[in-house]
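Engineer: Pasting the sequence and the predicted coordinates here, then a few questions.
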Amino acid sequence: MMRTFTFCLCVTFGLLSCDSGDIYPDEYRRENGIVVKASFSFLEPETFPASYQLLFGAFNNEKIEPVISKTIIKPADSQPVVITLSNLPAEAVSLKLCLTTLGKQPVYTFYETDVPASVSDSIIIPLQEIHLLQYDRVQQQIFSISCVACHGNPGAAGLSLLAGVSYDHLVNQPALKATDGVLRVKPADVDNSFLIRILEQDGLLATDHTPIPSKYDDDLALLKEWIRQLQVAP
């Protein structure tokens, strides 16, 4: 582990956060001390991560974790959050707003931009509206991590949860193992979506699915909110 240093997070309206603690030897620093300032407005705040973390950081092509980052605390209101990264390492090639595990392993990227090859003293990222509730996030955060080992191609019970096909296999599709004819996912109806039932109730299937979302409390809450906001077909 390299030397650590504490940074301060500049966030509007008094919101504070801590940085990653990562810093690199002097030979990696940009001589002119590049500063990055980014502004984000978070939509669907009810799906702001709790068990995971949301961070803004700089990345290179040599490691998965950011080379420098700051964790974002959930805003108390709808005001934009402003983040500052100081002394951008020379090895940084991209800037990302990511959902990560607590170990800073990226799970899903909400925003990404390249670090310019030539920059004088600062990089300004204008206000970005970030939709926290995206199906791609559901896919990467839940299905790709916890489900595809059994629900790949072909999937158990004829259900594939691989990226690119999972939505069509779930939404408005009959649950083959259900005894009351419910759908796997019924838009805007959490209680009558078999997917939620099997994740909350043991005994509905031969294999207990209830431990799947228990690893991260966010997973089940995200699934429920996604179903609530699904549009019912006219």
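Structural biologist: Structure received. Only a predicted model underlies this, so the values are computations on that prediction, with no experimental measurement involved. Numbering: from 1, shown residues only.
Engineer: how about the residue sitting nearest the centre point of the chain, secondary structure?
Structural biologist: The centroid of the chain falls nearest to residue 99 when counting by Cα atoms, centre = their mean (3.1 Å). What DSSP: H, G, I helix; E, B strand; the rest coil gives for residue 99 is strand.
Engineer: Can you tell me how far it is from residue 79?
Structural biologist: Per Cβ to Cβ, to the nearest Å, residue 99 is found 21 Å from residue 79. In this view, the C-beta of every residue, glycine as well, is placed from N, C-alpha and C.
Engineer: Residue 69 too?
Structural biologist: Residue 69 is 22 Å from residue 79, where distance means Cβ to Cβ.
Engineer: circling back: can I assume the residue nearest to the centre of the chain is in contact with residue 142?
Structural biologist: No - with contact defined as Cβ atoms under 8 Å, residue 99 does not reach residue 142; the gap is 11.5 Å.
Engineer: residues contacting the residue nearest to the centre of the chain?
Structural biologist: 49, 52-54, 106-110, 137, 141 (Cβ atoms under 8 Å, 6 or more residues apart in numbering).
Engineer: if we can go back for a sec, in terms of neighbours, single out the busier of residue 69 and residue 79.
Structural biologist: Shown here are residue 69 and residue 79; by other Cβ atoms under 10 Å, residue 69 has more neighbours (25 against 13).
Engineer: Quickly list what the more buried one is bridged to.
Structural biologist: Beta-bridge pairing of residue 69 under DSSP bridges involves residue 57.
Engineer: do you know how far it is from residue 56?
Structural biologist: Counting by Cβ to Cβ - residue 69 and residue 56 are separated by 7 Å.
Engineer: any residues in contact with both of these two?
Structural biologist: residue 85.
Engineer: can you count the residues close to residue 121?
Structural biologist: Counted with other Cβ under 10 Å, residue 121 comes out at 9.
Engineer: what about it, distance to residue 202?
Structural biologist: As judged by Cβ to Cβ, residue 121 and residue 202 stand 58 Å apart.
Engineer: Repeat that for residue 153.
Structural biologist: 27 Å.
Engineer: same thing with residue 43?
Structural biologist: 35 Å.
Engineer: Show me this protein divided up by domain.
Structural biologist: 12-131, 135-229 (automatic domain parsing).
Engineer: rank the ones you listed by mean pLDDT and give me the bottom one.
Structural biologist: Note on the domains of the chain: lowest mean pLDDT is at domain 12-131, with a mean of 84.
Engineer: so how far is the top helix by length along the chain from its chain's centroid?
Structural biologist: Looking across the chain with DSSP state H, the single longest helix is helix 217-229. Put simply, helix 217-229 sits 13 Å off its chain's centre (Cα atoms, centre = their mean, to the nearest Å).
Engineer: buried ones in it?
Structural biologist: Under the neighbour-count criterion of 16 or more other Cβ atoms under 10 Å, helix 217-229 has 218-227 buried.
Engineer: Distance to residue 83 added to those residues, as TSV?
Structural biologist: Formatted as TSV, the buried residues of helix 217-229 follow (distance: Cβ to Cβ, whole Å):
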residue	distance to residue 83
218	21
219	26
220	29
221	25
222	23
223	28
224	29
225	25
226	27
227	31
